[in-house]
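J.: Okay, here's the prediction I keep looking at, along with the sequence it came from:
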Amino acid sequence: MTGEAVLKSRQGVRIRETVPLTGMKRAVADHMVTSHQQVPAVSVFADLEMDALLAFKKDKLDPVAAGTGVKLTLTPLVIKAVAMALGRFPLLNAIIGDGEIQLLDEINIGMAVALPDGNLIVPVIRDVGTMTLLDIARESNRLAAAAVAGNISLNDVRGGTFTISNVGAVPGTLWQTPLVNHPQSGILALGRVRDAAVVRDGQLAVGKLMGASLSFDHRVISGLPASEFTAFLAELLRTPEVLQ
């Protein structure tokens, strides 16, 4: 309408709409700035072979899950594998506090959940190393449903020691460089499972691969053991029987 003031950015560009940076969005924004400023993060990337895991899930786990009424996706299997890898590489399950690196005695994995309003929340599955795959599936389903419904409790988002983010729902997304969830020392972002050319026994074949991006606090762990973590995780996923 003629006569109305035109809002412009500091660079003089017209503003179509403003979105208040308040509530959860402001809290997430502030936390991400803190993480980016305080954590000297480095990322390593890997392609994880998923053929054996997919076959194991279909042939061995899905029939059991169906009998219990539990919805089983790939996520609980990856969470279990990550917990086992963290047991082998405890510096990725650590924080810096009081001038020292503190190796944590619990493996509590946060799983990033995108909310319908575009916000992000990270519910925490506690003591994953002591849980069965079906237990992890039940808890991850409960937390995801509570997060989307807005019924998540403060206790459900506290105490995380490592975070997993899954961007596989977005077509074409293979890798990203996730921000470490301060004060944690590591975060793993997973991409979409895709068909890709692989070499097996010297022969070209089509395999199922999933991109993985590990960002880590370089003050706590260096590049070699971080890369060894992803290699060990890849081996666990190639031999999924060990996840039971």
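T.: Arrived safely.
J.: Identify the residues contacting the spatially most central residue of the chain.
T.: Among the residues of the chain, the one closest to the centroid is Ile164, at 1.5 Å (CA atoms, centre = their mean). Counting by CB atoms under 8 Å, 6 or more residues apart in numbering, Ile164 touches Thr75, Val78, Ile79, Val82, Ile109, Gly110, Met111, Ala112, Ile187, Leu188, Ala189, Leu190. From N, CA and C alone the C-beta is placed, and that goes for glycine too.
J.: can you do 6 Å?
T.: Residues counted as contacts of Ile164 (CB atoms under 6 Å, 6 or more residues apart in numbering) are Met111, Leu188.
J.: Surely it is in a helix?
T.: No. Per DSSP: H, G, I helix; E, B strand; the rest coil, Ile164 lies outside any helix segment and is strand.
J.: Tell me what it is bridged to.
T.: Met111, Leu188 (DSSP bridges).
J.: so where's this protein uncertain?
T.: Within the chain, the segments meeting pLDDT under 70 span 1-4.
J.: Excluding sequence neighbours, find me the nearest residue to Asn181.
T.: Closest residue to Asn181 apart from its sequence neighbours, by CB to CB, 6 or more residues apart in numbering: Thr163 at 4.5 Å.
J.: who's in contact with the one you found?
T.: Taking CB under 6 Å, 6+ apart, we find Thr163 in contact with Gly110, Asn181, Ile187.
J.: Now with 7 Å, please.
T.: Gly110, Ala112, Val122, Asn181, Gln184, Ile187 (CB atoms under 7 Å, 6 or more residues apart in numbering).
J.: I'd like the residues you listed laid out as a markdown table, including neighbour count and distance to Gly211.
T.: Shown next, in a markdown table, are these (neighbours: other CB atoms under 10 Å; distance: CB to CB, whole Å):
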| residue | neighbour count | distance to Gly211 |
| --- | --- | --- |
| Gly110 | 24 | 20 |
| Ala112 | 18 | 16 |
| Val122 | 22 | 21 |
| Asn181 | 22 | 20 |
| Gln184 | 23 | 21 |
| Ile187 | 28 | 15 |
